[in-house]
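[1] need a structure here:
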Amino acid sequence: MATRGKKTECPDDGLDPAAPAGDAAFSPGVPEPPGPPEAPGPPWPRARAKKGPETSAAGNGGFCVYLGPSILGVIGSGTVYNSDKAATLDGLAPAVGKYPLIASLIVPGAELPKSRIDVKQAGSLLHANYSRLAGIIKNK
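    Residues are numbered from 1 along each chain as shown. Next up is the predicted model:
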């Protein structure tokens, strides 16, 4: 018989009295149901990118940078091109035709550190070409 209003103590059998009856997780001897299936990984191993310097056939680091002044609608200062100097100049033929000094201000990646210093140093060829091109742009 059940008594109302009185709490009766049960022996500690490891079961949670608050758990609903018939809960498989708390039933002794019943295996736990499997969890949700894991998401499958890719069917092939991911290839890792090779680390190391990129070099082109010319050995110039595989990229070029324009160190001249920005020319609205033509070229921006500091633009990086992912090709050697010859291929970059071929792609910029219309701009170089209009402003030939652009060609002298495109430097290969291997020469970039020294060229960034030279373009700011008075008396260097890069500085002279930068100043000339900036003057041409200002006068237009």
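
[2] Touching, Ser115 and Cys64? I think so.
    No: at 10.4 Å, Ser115 and Cys64 do not qualify as touching, with contact defined as Cβ atoms under 8 Å. (Glycine included, C-beta is placed from N, CA and C.)

[3] tell me, what's touching these two both at once?
    Val107 (Cβ atoms under 8 Å, 6 or more residues apart in numbering).

[4] Of these two, which one has the most company?
    For Ser115 versus Cys64, the count of surrounding residues by other Cβ atoms under 10 Å is larger for Cys64: 26 against 19.

[5] burial of Ser70, as a residue count?
    For Ser70, using other Cβ under 10 Å, the count is 14.

[6] Distance of it relative to Gly123?
    Counting by Cβ to Cβ, to the nearest Å, the separation of Ser70 from Gly123 is 24 Å.

[7] Alright, I will stop here.
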